[in-house]
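S.K.: I would like to see how this sequence folds:
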Amino acid sequence: MPLRLPDLLPAIDILKKENIFVMDDTRAHSQDIRPLKIVILNLMPLKITTETDLIRLLSNTPLQLDISFMKLKSHTPKNTPIEHMMMFYRDFEAMRDEKFDGMIITGAPVETMDFEDVFYWDEITTIFDWARTHVTSTLYICWAAQAGLYYHYGVPKYPLQKKMFGIFSQRKLVEHLPIFRGFDDMFMMPHSRHTEIHKEDIFACPELQLIADSDESGACIVMARNGREFYITGHMEYSPNTLDNEYRRDKDIRNDVEIPRNYYLNNDPNNKPIVSWRAHANLFYNNWINYYVYQETPYDITKIG
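M.R.: Just a heads-up that it's a prediction; the model follows:
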């Protein structure tokens, strides 16, 4: 897919080596096409890694996407060079008058805190409200999913006794939804979190529809507003080695870190991870872009909302 990315974004060289077709702004401007505008609010600590993971998934469609990156004015990341942030990211305030066909809001390493105690809570809830009038469809991932469900619908989160960490089988609950076109009955998804949402709270809200869950990892994907909002409790975007890197990082710090479940061959961390989720992850993002963004967004982007 012709992904339209800012010139010099590190993901461009990484993905070209993976034989994924991307184009920089210089080439994209020469094409007389109205690209779909996708904005990513990246709250993850390792910005470049998350950028690359998401762009890799967004690459599997023939549509041209114009990717922008949003950041919070109230938060300065510690693990990404300031030069990278200044070159590729813009504050929400600088983007609030724009409209976008699609938006992705990532997880954040603040899940054990009460939502209102997160110091950027006021700014991010302003963005949640803004997305409803300025974006055709929004994906909320992991902490953002819990935060969005809490803010919009009053769904609480609950602490887990131990971290939900590994690859878990998910079951689609609603047949014939466009988001699941081409899906098998069961599919795999990475999870890495210390909190959860309960299905009973989702069922109690008539505006929400639980469309996928798991016997092991619980509620997985929640849909609202006929697909204008998707809340995903796991990480379809993870690369093959993300959980491995997280496991080894934490093992060097603490002695109570469990091996990610259903991840290594024979559950042995000396073996390579078994990649079991990428096909459905690509299909999910492709379906989202096609059926919930491209098919629903107006050609005149100013008419969104």
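S.K.: any weak-confidence spans in the chain?
M.R.: Low-confidence segments of the chain, defined by pLDDT under 70, are located at 1-5, 7-8, 12, 15-33, 79.
S.K.: Could you pull out the helices in it for me?
M.R.: In the chain, the segments counted as helices under DSSP state H are 10-17, 25-28, 47-58, 82-88, 92-95, 121-134, 143-153, 199-203, 242-251, 278-287.
S.K.: which one of those lies closest to residue 303?
M.R.: Closest to residue 303 of the helices of the chain is helix 121-134 (CB to CB; 11.5 Å). Heads up, the C-betas are built off the backbone N, CA and C, glycines and all.
S.K.: So which other helices or strands are in contact with the longest strand anywhere in the chain?
M.R.: The longest strand of the chain (DSSP state E) is strand 158-172. If you count contacts as 3 or more CB pairs under 8 Å, 6 or more residues apart in numbering; DSSP states H and E, strand 158-172 packs onto strand 186-196, strand 208-214, strand 218-224, helix 242-251.
S.K.: and these, which is most packed in?
M.R.: strand 218-224 (a mean of 23; mean count of other CB atoms under 10 Å).
S.K.: Residue 65 against residue 40, yeah?
M.R.: No: contact between residue 65 and residue 40 fails when scored by CB atoms under 8 Å: they sit 10.7 Å apart.
S.K.: gap between stretch 274-293 and the chain center?
M.R.: 11 Å (CA atoms, centre = their mean, to the nearest Å).
S.K.: Turn the helices of the chain into CSV, including distance to residue 297.
M.R.: Compiled in CSV, those are given as follows (distance: least, CB to CB, whole Å):
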stretch, distance to residue 297
helix 10-17, 24
helix 25-28, 18
helix 47-58, 15
helix 82-88, 24
helix 92-95, 17
helix 121-134, 12
helix 143-153, 20
helix 199-203, 27
helix 242-251, 30
helix 278-287, 15
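S.K.: closest to residue 107 out of the ones you listed?
M.R.: Of these, nearest to residue 107 by CB to CB is helix 143-153, at 4.3 Å.
S.K.: Quick one: list the elements packing against the closest one.
M.R.: By 3+ CB pairs under 8 Å, 6+ apart, helix 143-153 packs against helix 121-134, strand 135-141, strand 218-224, strand 229-232.
S.K.: Between those, which one is closest to residue 103.
M.R.: Nearest of these (CB to CB): strand 135-141, 4.4 Å.
S.K.: chain center to that closest one: distance?
M.R.: The answer for strand 135-141 is 9 Å, by CA atoms, centre = their mean.
S.K.: Pull the residues that contact that strand.
M.R.: 39, 99-107, 131, 147-149, 227-232, 235, 237, 288, 292-293, 296-297, 304-305 (CB atoms under 8 Å, 6 or more residues apart in numbering).
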